[in-house]
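Visitor: Requesting a structural model of the entry that follows:
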Amino acid sequence: MSADCKRLLSRAVPLLADRIVNSHELATYMFELGQAGYDSGQKDSYSEGRVAAANNEKDYHFALYKENCDGKYAAKRKEFASLEFVVVKAAQKLSRKPNDVTLLKKALGDEGHAAGGAGTTHSG
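Guide: Alright, predicted model coming up:
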């Protein structure tokens, strides 16, 4: 196995995974998913809604009323399958360059580690 392949497996893949876990895209998605789930789960349980129903009042008069909560929640969950991360797109672009490993190391801020090592404890 080449030093570049070892490097990708030992350093770049974990760094990419770390960047994804800490990415703005994932944080935004998780926030929006949580909000959609909250809206979906709460839409039928408002105490105001019970009183309004007993009085034949329309739901849309209340501040907590939101339309199509279940559909929005389902769409947000489905969105995860096609969620794209900027760091992965950048790594894909760099992988097509002649000096891809060097560029990837620089982009991930990992230039100080030796190529082919299994982390910082590898001595050669």
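Visitor: all contacts plus neighbour counts: C-alpha atoms, from now on.
Guide: Noted.
Visitor: Quick check: buried residues in the lengthiest helix in the chain?
Guide: Across the chain, the helix with the greatest residue count (assigned by DSSP state H) is helix 24-42. Within helix 24-42, the residues that qualify as buried are 25-26, 29, 33, 36-37, 39-40, counting by 16 or more other C-alpha atoms under 10 Å.
Visitor: And for the residue most central in space within the chain, nearest residue in space, chain neighbours not counted?
Guide: With distances taken as C-alpha atoms, centre = their mean, the residue of the chain nearest its centroid is residue 26 (2.0 Å). Computed as C-alpha to C-alpha, 6 or more residues apart in numbering, the closest residue to residue 26 that is not its neighbour in sequence is residue 20, at 6.9 Å.
Visitor: Any chance of the backbone angles for that neighbour?
Guide: Here the main-chain torsion angles of residue 20 (degrees, to the nearest 10) amount to phi -70, psi -50.
Visitor: That one: how many residues sit nearby?
Guide: Here the neighbour count serves as a burial measure; for residue 20 (other C-alpha atoms under 10 Å) it reads 18.
Visitor: show me where pLDDT drops low in this structure?
Guide: Where the chain drops to pLDDT under 70, the residues are 1, 9, 43-48, 58-65, 111-124.
Visitor: residue ranges of the helices in the chain, please?
Guide: In chain order, the chain shows helices spanning 3-7, 13-21, 24-42, 47-54, 69-79, 86-94, 100-107, with DSSP H as the criterion.
Visitor: With that, I have no additional questions.
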